[in-house]
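Asks: Build the 3D model from these lines:
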Amino acid sequence: MKTNLKVIETKKEYEVALKKFQTVFHAKAGTEAEREAKLLALLIEDYENKHIQIPEPDPIEAIKFMMEQSDMSLTDLAEILGNKGNISKVLNRKRKLSLEMIRKLSSYLHIPADVLIKDYSLTT
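Replies: Modelled structure (predicted):
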């Protein structure tokens with residue numbers, strides 16, 4: 001099987017590549033189809049890195065997501081950050097994250113500090 005793969009430059013080429021990738025994704029190891037899948041993955045990744053902007057997550061949503069991924073409860077988070085009431089206020093957007101909270105969350109939940117220091121609005 002000879003492939004005619006090239007650098008993806010347009011959205012239409014990107015969509016075609018995604019469809020093609022779906023057909024070869026589960027190819028057997030060592031086959032031409034597997035080599036094609038690997039090459040397509042690289043080409044798709046290159047296009048996405050150049051053309052698709054993924055917005056940085058909201059700090060509170062990032063915390064909630066990582067808590068969910070880690071099966072962490074509010075009580076678990078309180079053991080890391082202290083005062084459960086303040087944590088609840090932060091998660092409900094009634095209070096901003098403190099610098100100490102940002103440091104601990106970055107360390108324990110592996111959320112980049114630059115995500116956590118982003119400004120976000122509070123609810124009234």
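
Asks: the domain parsing of the chain - what is it?
Replies: Listed by automatic domain parsing, the domain ranges of the chain are 11-51, 59-116.

Asks: Output those in CSV; the columns should cover mean neighbour count.
Replies: C-beta coordinates here come from the backbone N, C-alpha and C atoms, glycine included. Putting the domains of the chain into CSV (neighbours: other Cβ atoms under 10 Å) gives the following:
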stretch, mean neighbour count
domain 11-51, 13
domain 59-116, 15
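
Asks: among those, which is nearest residue 123?
Replies: Taking Cβ to Cβ, domain 59-116 is the member of the domains of the chain nearest to residue 123, at 4.6 Å.

Asks: Check the average confidence over stretch 80-99, would you?
Replies: On average, the pLDDT along stretch 80-99 is 91.

Asks: Compute the distance between residue 118 and residue 62, please.
Replies: For residue 118, the distance to residue 62 equals 9 Å [Cβ to Cβ, to the nearest Å].
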